[in-house]
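# With the input below, show me the fold.
(chains A, B, C, D and E, ligands or ions: 4)
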Amino acid sequence: MTIHSAQPVLDVRHLSTHIGTRAGTVKAVDDVSFSVRPGEIMGLVGESGSGKSMTAYSLMRLLDALAKVVAGSVLLNGRDLLQASEEAMRQLRGNDIAMIFQDPMMTLNPVLRIDTQMIEAVRAHEDVSVAVARAMARETLARVGIASPDERLLAYPHQFSGGMRQRVAIAIALLNKPDLIVCDEPTTALDVTIQGQILYEMQTLCRESGTALIWITHDLSVVAGLADTVAVMYAGRIVESGSVQDVLRSPRHPYTHGLIASSPSNNRRGEALKQIPGATPSLLNLPSGCAFRTRCERATEICASDPPFEAIDGRTLRCFHPIVDAGGAHG
Amino acid sequence: MTAFLLRRLIQSIVVLIAMSLLVFIALHAIGNPIDILLSPDADQAERARTISAFGLDQPLWQQYFYFAKQALHGDLGRSFSFGTPALQLIAERLPATLELAIAAILIAIVLGVPLGLWAGLRPHGIAGKSIMTISILGFSLPTFWVGMMLIMLFAVHLGWLPSGGRGETASLFGVQVSFLTWDGLRHLLLPAFNLALFNIALVIRLTRAGAQEALLQDYVRFARAKGLRPARIVGVHVLKNILIPVITVVALQFGSIIAFAIVTESIFAWPGMGKLIIDSVRVLDRPVIVAYLMLTAILFVAINLVTDLLYAALDPRVRLTDAKG
Amino acid sequence: MEETITLLAQETTHAPPESPLQRFLRNYLASRIALCGSVLLIAIVLAAIFAPWLAPQNPYDLSQVDILDARLPPGAQASANASMNNAHGSMTYLLGTDEQGRDMLSAILYGLRISVTVGVASTIVALAIGLVLGLIAGYAGGRVDAFIMRIADLQLAFPPILVALILLALMGPGIGKIIVALIAVQWAYYARTARGAALVERQKEYIEAARGLGLSSLRIAFRHLLPNCLPPVIAIAALQIASAISLEATLSFLGLGLPVTEPSLGLLIANGFEYLLSGRYWISLFPGIALVVTVVAINLVADQLRDVLNPRLQTQ
Amino acid sequence: MAERAIPESETPLLALRDVSKRFVKPADAIDRVARAFGAGKPAEVVHAVDRVSLDIRRGEVVGLVGESGCGKSTLGRMAVGLHTLSSGTRQWQGDDIDAMPAARQRALRLAMQMIFQDPYASLNPRLRVDAIVGEAPVAHGLVPRAQRSDYVAELLQRVGLDPALARRFPHQFSGGQRARIGIARALAVKPELLVCDEAVAALDVSIQAQVLNLFMRLRDELDLTYLFISHDLGVVRHIADRVVIMYLGRIVESAPADELFAHPNHPYTIGLLASAPTLEVKKIAFQPVAGEMPSPLHPPSGCHFHPRCPHAMPRCRVEQPLLKEVAPQHFSACHLNDS
Amino acid sequence: ADLKIALAADVSSLDPHYLNIAPNVAFASHLFDALVNVDADGHLVPGLAVSWKPIDATTWEFKLRHGVKFHDGSPFTADDVIFSLDRPATLTRSPGPFTSYTKQIVAKQIVDPYTVRLKTATPYGPLALDMSAIFIVSKKAAEHATTDDFNSGRALIGTGPLKFVSFRRGERIVLKRNDDYWGEKAEWDKVTFRIITSAAPRLAALLAGDVDVIEAVPTADIARLKTDPRFHVEQKISWRTIFWHLDQLDRPSPYITDKSGKPLAANPLRDPRVRAAISMAIDRRALVDRTMEGQAVPASNIVAPGILGYNAALPVEKYDPQGAKKLLADAGYPDGFAITLHGPSDRYINDRQIVQTVAQFLNHVGISASVETLPLSVYFGKARTGAFSMSLLGWGTLAADFGLRTLLGTPDPAIGWGSWNWGRYSNPQMDKLVHASLASVDQQARDTYAQQAMAVALRDHAVIPLHYQYATWAMRKGLRYTARTDEFTFAHQFHADAPMQKASALK
Ligand SMILES: Nc1ncnc2c1ncn2[C@@H]1O[C@H](COP(=O)(O)OP(=O)(O)OP(=O)(O)O)[C@@H](O)[C@H]1O
Ligand SMILES: Nc1ncnc2c1ncn2[C@@H]1O[C@H](COP(=O)(O)OP(=O)(O)OP(=O)(O)O)[C@@H](O)[C@H]1O
Ligand SMILES: [Mg+2]
Ligand SMILES: [Mg+2]
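Ligands and ions are numbered 1, 2, ... in the order given. Okay, the predicted model is just below:
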């Protein structure tokens, strides 16, 4: 399924984003590199606060005033987004690179009708008549599985259920046939059955249109079913990335390993779960070197210095003591 | 909807009854209007005769019941000092006050929303900070003082605008209004601005707070992610969401604007209800006070109603029956 | 058990204990403008409290005031006659005198005292009444709620000026009475706000948890609900103090405020108002400036309070 | 920790019999007048829980699973007495709770405690940890005031928190620690039954495991019984002895956990299990359940699931299927079982 | 030419018989005449009656003016007079009726169309004065008219120098010249009255050129206006005397205590020495110069100079704080006492300040005086019941016997005496003199009696007069006004002194 040959649509190199807060500088994204090829689905996994959303906002240049990209480059089809002018970036957003957010309740403007919100998205990029734009909107709504789209176009967001709203948001993202869609936990707030439907549909749509996806989630099992490649973030850094099979079947970073091992489905029923000790550290006072070392069984003194970001066997890894042969996480 | 209207109706009737009762008791306790209005040359017998001619010598509850009976027939009595039906008096003055209040609200919105937006979008700029500082003055300066300053500056020193009064009016659907004539408009400007001052500050603050909050919302981020132009994001997505609280609050302010018109009207010699009511309180002209309160209470209820309707019109999420009752 | 131990060790080193008060202060003091406002406000309050010691004259003691010194411009010297009456001997009227010959500086200091007392006292009592009623309404709901809120509506439908007008006409002038009038005018705002907050807080799980623990309603309402409903109410209260001071000034202007011999700032302005056009600016201007500075300081503090107390803007 | 066998015959610790919960928008006088005149809307009734019977035996962990809005929380609140019952009865070891003397009811109220989902909203932000945990036992006289801090320290220790943190406020804790405080608060009144409403849903994956382990440890140490509400099938499968599946206010299936995951019977259960993503790397190949859950304001007739059911028959539209034992201890409410 | 005048008080009704308050009366004078008019000095001059005289002790005869036309062109006759005199009594729903001026008349007789006789029950001297208060309306226009008809202008037909054009209540009234007026015709084609009740804005309107004339100029601004070349100020001592009523009832006075706040056994104000002491403690010069900014003159009577019954022999009380202290000591109050002075707010010029200044003076002689000012709505009602110890009142009248009867006559509802005797002063000697004065149809005798009564009352210190205030008008340069003692603003008595010059100056 993965298309290794093509040029990446998106190539992120050494991206760092810092947030200046009262309490100090937060390195929300720290030296993050990855790439996505056309039609490929990349899962970006990590726990709350690990910098997933910040990475996405950095790509889209949608950061808040306090946050700044301090280093790195984001190449979309070879063009560095971070160098583009604000207007050029605006034209790219929604047109070449689209984004969907987590909370379907909040992403649609509650006081504007669906058709307004869809038509404006078309007309922001293409000089077409309202009628044409409406036709496109209707067609796209139908594609994401919304029944009687004509009627639904006239509705307000609150008249939809959560799942439907997320479909509308997906439809808006698809409107201008972008090359890449960044999805920031779009199904986290939804029920399992609805999530199942949306995952299935997204997969189909991408396959049909060749759109690449970045799927942000904290749920490894979603990635397992959906993505081609996966990158695992911890405290602002990607600690491990590679194809889904490789990473999930034989995680090599102790954190990835810990995560997979602590999943109930990898444990015997009723027995104590394997757990990663400690809590996710605050980004404000990270331990030096490897941020995971205080929770890591394998940590040694060397971990106090920054581990290199290495490519080994078709995956990348940021660890001094990778698990060489885990023999699968299923203990 | 019917139930909603019915509820409002019953509530307002209760409010009206309670209000008229309170006024009756209060004014009775304050004093006797005849003592103020009666000519100094009148003797005790004349005083007694006059008091009984107005029924003021009767027990209060009898006076109230008489009033209530008449009120049910739409008669709120005649003003003591004007000798004119109180309702007619109020009705004569109502348009002037309403016009002033509406003008004030429009000024507040027209000036307040853009300034507030500006301050909200650029909270750290010099302009934004100055706007906020000046808006504090709007809250803190006493209306009467500012009014006098405005007169001194624009009427006395610069001579640009008249110092007070209502000026020429034109008839609109049988109601005399100022804003249709140039002269009337000139007369309207200063008092309306004076009355608007507090509300400009309020709208600036509401708008700024709203803008800052809206900017944090995902829908704004989503709009940016769609590649919309900033003008559209601010002008449509942000503004429409801000307008909901702004319009609601401002509409609810309408009541207090009318109340504070008392001060503005006496400074600018604006012939509205406010001046009438303060004169009436001075001479304990009960029918006028009662009629005024009734009217403002009805107005208040109506404004609440309109606000709810507006709210529903602006905010699709609100259904009427859900509105606070 | 060992997993918990490691966890604890880390946490203790990371977050030093900080009480809400400390956190509040830290957030509060973060803004320079608010800091200025607070310093100003403290200075004003101190000036008000220590007015009798700071003021060169007791402007409320008519035997110290001399009509022969009426309307002297700033910097004028007191006449011999007036100095004789004055406890401090000969004096200079730094800010001039008013139409009774009161030293404006003293009058402003004393007036500040009254204005601040009126503003603060009326606000505190109105807040207490409104808070309790609002909490009861919000927590009890149903008929109690409807009853309390209808009374509040009634109150809100009365134009505040008229209420104060009628009450003052009824009771006569006096600080206590003007405070009562202002309380009557204000309590409903607090009741509404407190009820709104109570309705929101009541939904929260910690209230449900308290119910689940079998705690009494009274305890839940006042120990759990009340402290959490306080911030929005306090934020509007701070603003309301300013507006109470303004309202008192307006009432004084309408001739319905305080006793004329004990002028508040508002009454000083209202008295001096007549002299605006005749060039004797100091009678109205200086108290005007004092009022504006006071109200601005309160507003600055109130704004910052509102920002800091607003849970949505609160930093962790 | 070994699997334990729960004797079936024993009287359940808590039994809910035919309980229902209807939420009605309260109609005031004016609404009633309006309605009498034919204006106004009919009262809006939400059947959040519709004639549900549930037995929880001592020492058992019952998992309650279902989609958002299906009535899980409502049922949990009814179990601990935070919601009154619209109909039905609640029995504690066979005795009807509502018929008990008030004092006993109060005591029982403490015997059943709830652990909430949101680790932020469920702790009073203005109280210190020792007050949060220690208030109720002192108020109820379980612990003398003087011994409060010792008691709190002991509880904090038990849930894995440093007693030195007792003077802190909730905002100074991480999500996982807050969850522990919530648990300590519940344990403070010595409950026998804990209703955990999505108690780990808000936690990070790595923390979730810690808290789940804590639950299991406490169960052994304190001999607790759990009603464990969750939408995460993986979690429920891991912790529960018996799993109950709810759909739109009704129980559609109930079975011992192994049995349920191995042989789901109800079409909804089957769809649900298929929808749940797993760590196995395999592409999603189909939409397991089509459509969305209908609004509880206007539930479908007959079997609530029929509009989404791939096997729906005409009968499903009119007749409500009842729970039937399809295997030992395995109940399911589906007409397919009749054919 | 047009004239714009800012009035300080609202005209509440255009019906000249509805409510007897100054603004209404002043306004009605433009449209209507009375039988007897009052000139600028407060003297009675022929109005619609060219002459009047008593023909016996209880009968007055009025000769009416010939050739007078109402605004609608109909002629003025005795019928109109009788109708107008009858009308006040028919307006039973008036809160301030004009019947005080008609109640003495027991019979009216038309001798011929231009002669009217009015009979009183007892000899009654001030009848002509009473007649100056009743406006003559057209019987034809007013016979079936209601007050509302007057307000709408329909019945507003008089003989006055100006005619009605329009009325916007509370805002403005427009009048135009009556070209057929029997007397001196108004100089203005059109007169606009604007109601601007607040003093500062009223002045601002003049400064801004929005109006030509303002009445009731605040004392604070008079000095400046006088020196401003753009404006002109006219002044006259007003008929209004400002004085203190003193509680003289035989019981502890409600607002007097000893200095520690304990009630006193007796009412010190009953002691004439205490009253005199209070009067001597007041520095009227300073009061007038400072508090009134020179816009008043110290008073010795309770009527203004020039008014019938004014006793020029009475001196203004000399300021003598030492003497006051001594008198107090003599009266048994060497340490003074505590008293609250009451006054209205915003009724008389600078009333609040006056009360405070007097309190200052009292403090300086050891009486600790505090101040309470009340809105009018409360003040009069309370004062009437004798609720205050010392209360400020301003009184304007054109005859001293009238004033003394009402203010200081021994209260007696049966004959209508002492209705404003708040302090319940009572002196049979004074009562007798006032009686004699009122019963004198001979105006000379009347004046003498009244002066004697005045002397009796003031020697008793029955009240403590403070000052006569100035009535002040300010107008743009080029206008002249004969200032009136009754404080009325009459548009038709404004004159342009050099219209040509002004027109050219504008170019
Ligand atoms: N405006 C901000 N100010 C300060 N810190 C911020 C801000 N926004 C985000 N952060 C911090 O940046 C880090 C990364 O945040 P981000 O939102 O990218 O996390 P995430 O991985 O998306 O988490 P989640 O799963 O909760 O969405 C977090 O530690 C967060 O606390
Ligand atoms: N207090 C209430 N008033 C009215 N309706 C309510 C109330 N509480 C719950 N409901 C309704 O009852 C139904 C069941 O709610 P409940 O909270 O029990 O669902 P749930 O299964 O816990 O959902 P979730 O997974 O989202 O927590 C929902 O439709 C909800 O809207
Ligand atoms: Mg995120
Ligand atoms: Mg729930």
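# all strands of the chain, in order?
Reading this off chain A. Assigned by DSSP state E, the strands in chain A fall at A:10-21, A:24-36, A:41-46, A:67-76, A:79-80, A:97-100, A:180-184, A:212-217, A:229-234, A:237-243, A:310-312, A:315-317.
# please go with chain D instead
D:14-24, D:45-56, D:61-66, D:87-92, D:95-96, D:112-115, D:193-197, D:225-229, D:242-247, D:250-256, D:324-327, D:330-332.
# quick one: is the first one near chain B?
Right, strand D:14-24. No: using C-beta under 8 Å from any C-beta of the partner chain, strand D:14-24 stays clear of chain B, with a minimum separation of 14.3 Å. Backbone N, C-alpha and C define where each C-beta goes, glycine included.
# ok now do the residue in the stretch 201-350 of chain E that chain A sits nearest to, which residues does it touch?
Across the stretch 201-350 of chain E, the shortest distance to chain A (C-beta to the nearest C-beta) belongs to E:Pro201, at 44.3 Å. The contact partners of E:Pro201, by C-beta atoms under 8 Å, 6 or more residues apart in numbering or on different chains, come to B:Met148, B:Ile151, B:Ser163, B:Gly164, B:Ser266, B:Ile267, B:Phe268, B:Ala269.
# switch to 7 Å and redo it
Neighbouring residues of E:Pro201 by C-beta atoms under 7 Å, 6 or more residues apart in numbering or on different chains: B:Ile151, B:Ser163, B:Gly164, B:Ile267, B:Phe268, B:Ala269.
# picking that back up, and the strands of chain A, which one averages the lowest pLDDT?
Mean pLDDT is lowest for strand A:310-312 out of the strands of chain A, coming in at a mean of 82.
# Could you list the residues of the stretch 101-250 of chain A in contact with chain B?
A:101, A:103, A:106-112, A:120-121, A:124-125, A:156, A:158, A:172 (C-beta under 7 Å from any C-beta of the partner chain).
# Which among those residues count as buried?
The neighbour-count test (16 or more other C-beta atoms under 10 Å in any protein chain shown) marks A:101, A:103, A:106-112, A:120-121, A:124-125, A:156, A:172 as buried among these.
# what's the closest of those to chain E?
A:Val111 (43.3 Å).
# tell me, how many neighbours does E:Leu433 end up with?
E:Leu433 is flanked by 23 other residues according to other C-beta atoms under 10 Å in any protein chain shown.
# How many neighbouring residues does the residue in the stretch 1-150 of chain A that ligand 2 sits nearest to have?
The nearest approach of the stretch 1-150 of chain A to ligand 2 comes at A:Met105, 12.8 Å away (C-beta to the nearest ligand atom). Using other C-beta under 10 Å, A:Met105 is surrounded by 16 other residues.
# Tell me who's in contact with it.
Per C-beta under 7 Å, 6+ apart, neighbours of A:Met105: A:Gly162, A:Arg165.
# what bits of chain C have low per-residue confidence?
Scanning chain C for pLDDT under 70 picks out C:1-20, C:80-90, C:157, C:310-316.
# swap that for chain D, please
D:1-9, D:25-43.
# mind checking which helix or strand B:Thr97 is in?
B:Thr97 is located in helix B:86-121, with elements delineated by DSSP states H and E.
# I should have written E:Tyr470 there, sorry.
Counting by DSSP H and E, E:Tyr470 is part of strand E:463-476.
# same for that strand, what does it pack against?
Helices and strands touching strand E:463-476, as assessed by 3 or more C-beta pairs under 7 Å, 6 or more residues apart in numbering or on different chains; DSSP states H and E, comprise strand E:213-215, strand E:231-246, helix E:272-281, strand E:296-298.
# Tell me the first helix or strand C-terminal of the third one.
Which is helix E:272-281. helix E:284-286.
# B:Ser171 and B:Leu293: what is the separation?
28 Å (C-beta to C-beta, to the nearest Å).
# Comparing these two, which residue is more hemmed in?
Between B:Ser171 and B:Leu293, counting by other C-beta under 10 Å, B:Leu293 is the more crowded of the two (24 against 9).
# Distance check, the residue of the stretch 1-150 of chain B at minimum distance from chain A against C:Glu248.
Distances between the stretch 1-150 of chain B and chain A by C-beta to the nearest C-beta are smallest at B:His124, namely 8.5 Å. Here B:His124 is placed at a distance of 36 Å from C:Glu248 (C-beta to C-beta).
# what about the two, which has more around it?
Ranked by neighbour count (other C-beta under 10 Å), B:His124 and C:Glu248 place C:Glu248 first, with 30 against 7.
# Spell out which residues of chain B are next to chain A.
B:217-219, B:221-229, B:232, B:237, B:240-241, B:244, B:314-317.
# And for the residue in the stretch 201-331 of chain A that ligand 2 sits nearest to, the neighbour number?
Closest approach between the stretch 201-331 of chain A and ligand 2, counting by C-beta to the nearest ligand atom: A:Asp219, at 16.7 Å. A:Asp219 sits with 19 neighbouring residues when counted by other C-beta under 10 Å.
# Report the spatially nearest residue to it, omitting neighbours in sequence.
The shortest distance from A:Asp219 to any non-neighbouring residue, by C-beta to C-beta, 6 or more residues apart in numbering or on different chains, is to D:Pro277 (7.0 Å).
# if I pick the one you found, what's in contact with it?
Per C-beta under 7 Å, 6+ apart, neighbours of D:Pro277: A:Asp219, A:Ser221, A:Val222, A:Ala224, A:Gly225.
# do the same with C:Arg202
C:Gly138, C:Tyr139, C:Leu225.
# neighbours around E:Phe150, how many?
E:Phe150: 26 neighbours (other C-beta under 10 Å).
# same question, C:Thr250
So C:Thr250, with other C-beta under 10 Å, has 24 neighbours.
# swap in E:Asp72?
11.
# Against E:Gly153, how distant is it?
12 Å.
# Tell me how far the residue positioned nearest the centre of chain C lies from B:Pro142.
By C-alpha atoms, centre = their mean, chain C has its centre lying nearest to C:Ile241, at 2.7 Å. Noted for C:Ile241: a distance of 15 Å to B:Pro142, by C-beta to C-beta.
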